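Chemist: Pasted the sequence and its predicted model underneath.
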Amino acid sequence: MPGVLGRTYFNTSLTLPSLVEEDPKFTVLPSTKLVCTIGPVSNDVDTLIQMLQTGMSIARFDFSYVDTQLHQTSIDNLRQASKATRTLCATMMDTLGPEIVVTNRPSEPIKLEAGQTVLLTCDSSKQASSSVLPIAYPSLAGTGILPGRSVFVGQYLFTGSESTSAYLTVQQVDSSDMSAVCVVQNSCVLEGVQLTVHIGNMKNTAPILSDSDKQALLQFGKLNRIDFVALSFTRSAQDVKDARAYLDKIGMSEVKIIAKIENMEGLVNYREIMEQCDTMLLSRGSMGNCVDPEKMFLAQKMLLRECNLAGKPVYVTRVVDTMTDAPRPTRAEATDVANLVLDGADGIVLGSETFRGKFAVACAHTVLAICRQAEKCFDSFAYYQSVMDFAGFHSINPDISKTEALATAAVRAATKLQAGLIVVFTVTGRTARLIAKYRPQQPILTVVLPSKDANALPMDKSSSSSAAGEAAAGAEGSEVVVPRLSTNGLKWHCSGDFVARQCLQYRGVMPLCADPSLGSPDGAILKAALQEANKRGLIKAGDRVVISQCPRVNERFPVMAEAGVVKILTISQDGVTAANPVIVNDDGMQRCTSLHVFGSMDAVQDCSDLF
């Protein structure tokens, strides 16, 4: 994989003695996104309010834990918390998929001793005990299980530090392929809400969506207008296609698909999976049972870099397991979080830490604090240059789309001018994703415009939008739907909030929704967006702002007169004035007559490139 790993992007002017100085109080959230798994310890309204205020971007509901009522209570409470904090939060539904679990468990824990043997069987009629572990899988035939292979049995959302996980080694496979005798490598007590089984290098032939998954998608996902569906144990592009077909069939075509890479099949087929899914997620807990420990860092760095170069959002799990039971992470865990930010991860997923941990809010705060420090040391310009070089965009005749050319020009202009903010106007969210791909140091304030068919689309009633809509109902002169509302001149209920919530997955992106009823969006919506940025402390007088609009002709209105532009403004004490002329000489760009606008006067007719 020559050239893929690239270089390190660590660059700081700090000195070691300065690290003992107290940091100033930060008012702006870090660019790195945080996904929190909602469970019994974190699903009450008060805790959810604290997690939203801390910076949770996406709430995860994991259906490996099959308590639908708990998940429904959690998402109902999330709506209340979103209304109370007036904060936008996306929702993710994690499927069970082809995961293997221990069945017919007794009420008491199962004790295993190192050196003993235990029978792993596909006979679901057997009672689980210290000598027999029945699993929910029809047959071991074709799985690749052989003597010497490793088998892991552990509680749902295991951390690895507890004594509730067993490491087994296959000793003998029955000729009927219905069972295998295994030797226990460590003494432990198997307990927890669910016991999952991971067979090393297994070829799992079960459907990507189990029957319980399909039922949950209908009864929970569709009803609650979930934004993302995470496919557990994604093995191939066909898995993503099958899931997409089912989601389309049941009326969930707007939902984004997250492919979870957590077994050898997924790792081998990562490229074809990446082309089909919307987002990639490296599930290090399960993957750690398939990859040798000394190679895990290679799998992580290579996958993150591949996703970065393709502009595919990528998330990583299992970062601060210690905080499930302790108020502070280990030094290794804290360094791990920072390295994920420096390696280009869009976000981090918390599992047991917020599902059943003792310090859910403190954990979210700690992880985001580490992310913020790492972002201060992230060399965004070196990163931008490396992605451009790898794609060949610095060549004389680059093969680059108009939309990507505009995105790169916006990032380059913001970097050269040391702008305080990038404002993006988008319909599908693609322009925001392309700009986020280059990891600019500036926040990306993304204004989501309604499509030409917006009036025909059902109004979004999920999570924070419907709750806040009640609070903002009847407001006159509303201009922008924002994650944090602070005036009566804002409105939540609009057709673009589905896209806005999904934009929360991109590193650095802060989404808003535009109200199309204002007449002259070139001035009104832009002004409202800049006012919101000022309230959040993103800009101040004298700051330059780079504005980017994708080139579209088939939408309800343009934001600026030009079809596709990069526009540069300066914030003044009494309003917004044009900056001094700045030349942006990127291929694919044409200089417009206005001195502060650069782009193309020709809109894109074929909008397939824009989705």
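Modeler: Received the coordinates, thanks. Numbers count the residues shown, from 1 in each chain.
Chemist: ok, now which ones touch the closest residue in space to I435 that isn't next to it in sequence?
Modeler: By the measure of Cβ to Cβ, 6 or more residues apart in numbering, the closest residue to I435 outside its immediate chain neighbours is A407, 4.8 Å from it. Just so you know, the C-beta spots here come from the backbone N, C-alpha and C atoms, and that holds for glycine as well. Contacts for A407 (Cβ atoms under 8 Å, 6 or more residues apart in numbering) come out as T431, L434, I435, K437, Y438, S548.
Chemist: Those residues in helices, which ones?
Modeler: Of the contacts of A407, the ones assigned to helices by DSSP state H are T431, L434, I435, K437.
Chemist: how about stretch 159-169 as PDB, C-alpha atoms only?
Modeler: Extracted C-alpha coordinates of stretch 159-169, given in PDB (Å, rounded to 0.1, in the frame of the first residue of the first chain):
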ATOM      1  CA  THR A 159     -13.800  -4.000  28.000                       C
ATOM      2  CA  GLY A 160     -11.100  -6.600  28.300                       C
ATOM      3  CA  SER A 161     -10.100  -5.600  31.800                       C
ATOM      4  CA  GLU A 162     -12.900  -7.400  33.600                       C
ATOM      5  CA  SER A 163     -12.800 -11.100  34.600                       C
ATOM      6  CA  THR A 164     -16.000 -11.900  32.800                       C
ATOM      7  CA  SER A 165     -14.400 -12.900  29.500                       C
ATOM      8  CA  ALA A 166     -13.100 -16.300  28.400                       C
ATOM      9  CA  TYR A 167     -10.300 -17.100  25.900                       C
ATOM     10  CA  LEU A 168     -10.700 -20.600  24.500                       C
ATOM     11  CA  THR A 169      -8.500 -22.600  22.100                       C
END
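Chemist: one step back: with respect to G357, which of the contacts of A407 is nearest?
Modeler: Proximity of the contacts of A407 to G357 (Cβ to Cβ) peaks at K437, which lies at 32.7 Å.
Chemist: burial measure for that closest one, as a count.
Modeler: Residues within reach of K437, counting by other Cβ atoms under 10 Å, total 26.
Chemist: that older thread, ok, the contacts of A407 vs F10, which is closest?
Modeler: Nearest to F10 among those is Y438, at 17.6 Å by Cβ to Cβ.
Chemist: and the closest one, what does it touch?
Modeler: S380, Y383, Y384, V387, M388, A407, T408, V411.
Chemist: ok, and what's touching the host helix or strand of the fourth one?
Modeler: Under the criterion DSSP states H and E, the helix or strand holding V387 is helix 380-391. Counting by Cβ under 8 Å, 6+ apart, the neighbours of helix 380-391 from elsewhere in the structure are 3-4, 6-7, 9, 11, 308-309, 344, 394, 398, 400, 408, 411-412, 415, 437-441.
Chemist: And stretch 202-219, by the same measure?
Modeler: Outside stretch 202-219, the residues within contact range by Cβ under 8 Å, 6+ apart are 63, 66, 68, 93, 95-98, 100, 137, 142-145, 229, 231, 233-235, 239, 242-243, 246-247, 250, 252, 263-265.
Chemist: on that earlier part again, quick one: the ones in helices among the contacts of A407 as TSV, columns for pLDDT too.
Modeler: TSV is the format used below for the ones in helices among the contacts of A407 (pLDDT from 0 to 100):
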residue	pLDDT
T431	91
L434	95
I435	96
K437	97
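Chemist: related to what we said a few turns ago, with pLDDT and distance to C290 added, can I get the contacts of Y438 in JSON lines?
Modeler: As requested, those are arranged in JSON lines below (pLDDT from 0 to 100; distance: Cβ to Cβ, whole Å):
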{"residue": "S380", "pLDDT": "94", "distance to C290": "33"}
{"residue": "Y383", "pLDDT": "95", "distance to C290": "30"}
{"residue": "Y384", "pLDDT": "95", "distance to C290": "34"}
{"residue": "V387", "pLDDT": "94", "distance to C290": "29"}
{"residue": "M388", "pLDDT": "94", "distance to C290": "34"}
{"residue": "A407", "pLDDT": "92", "distance to C290": "36"}
{"residue": "T408", "pLDDT": "93", "distance to C290": "37"}
{"residue": "V411", "pLDDT": "95", "distance to C290": "37"}
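Chemist: so A410 sits right up against V545, yeah?
Modeler: No. With contacts counted by Cβ atoms under 8 Å, A410 stays clear of V545, the gap being 10.8 Å.
Chemist: Overlap in contacts, those two.
Modeler: Joint contacts of A410 and V545 (Cβ under 8 Å, 6+ apart) are I422.
Chemist: Those two: who's more crowded?
Modeler: More neighbours surround A410 than the other of A410 and V545, with 33 against 26 (other Cβ under 10 Å).
Chemist: Roughly how far does I348 sit from D94?
Modeler: Look at I348 and D94: by Cβ to Cβ, to the nearest Å, they are 15 Å apart.
Chemist: One more: E353?
Modeler: Taking Cβ to Cβ, one finds E353 at 15 Å from D94.
Chemist: F381 too?
Modeler: The spacing between F381 and D94, counted by Cβ to Cβ, is 36 Å.
Chemist: Over to the residue located most distally from the centre of the chain: give its phi and psi.
Modeler: Most distant residue from the mean C-alpha position of the chain: S175, 44.0 Å away (Cα atoms, centre = their mean). With angles defined as degrees, to the nearest 10, S175 sits at phi -60, psi -20.
Chemist: need the contact list for it.
Modeler: Not one residue lies near S175 by Cβ under 8 Å, 6+ apart.
Chemist: and what of N43?
Modeler: N43 neighbours (Cβ under 8 Å, 6+ apart): L70, T73, S74, N77.
Chemist: Just the buried ones among the residues you listed, please.
Modeler: Among the contacts of N43, the ones that count as buried by 16 or more other Cβ atoms under 10 Å are S74, N77.
Chemist: which SSE is I49 in?
Modeler: helix 45-54.
Chemist: Now do the buried residues in that helix.
Modeler: So helix 45-54, judged by 16+ other Cβ under 10 Å, has buried residues T47, L48, I49, Q50, M51, L52, Q53, T54.
Chemist: What is it packed up against?
Modeler: When contacts are defined as 3 or more Cβ pairs under 8 Å, 6 or more residues apart in numbering; DSSP states H and E, helix 45-54 sits against helix 68-85, helix 360-376.
Chemist: hmm, 10 Å instead?
Modeler: Contacts defined by 3 or more Cβ pairs under 10 Å, 6 or more residues apart in numbering; DSSP states H and E place helix 45-54 against strand 33-37, strand 58-62, helix 68-85, helix 360-376.
Chemist: Including mean pLDDT and distance to T335, could those go into CSV?
Modeler: Shown next, in CSV, are the helices and strands packed on helix 45-54 (pLDDT from 0 to 100; distance: least, Cβ to Cβ, whole Å):
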stretch, mean pLDDT, distance to T335
strand 33-37, 98, 18
strand 58-62, 97, 24
helix 68-85, 95, 31
helix 360-376, 96, 9
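Chemist: Tabulate these (TSV), appending distance to F152.
Modeler: Putting the helices and strands packed on helix 45-54 into TSV (distance: least, Cβ to Cβ, whole Å) gives the following:
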stretch	distance to F152
strand 33-37	20
strand 58-62	18
helix 68-85	26
helix 360-376	24
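Chemist: Between these, which one is closest to K111.
Modeler: Closest among those, using Cβ to Cβ: strand 58-62, at 27.1 Å.
Chemist: Starting from that closest one, tell me which strands it pairs with and how they run.
Modeler: strand 33-37 (parallel), strand 90-94 (parallel) (DSSP bridges).
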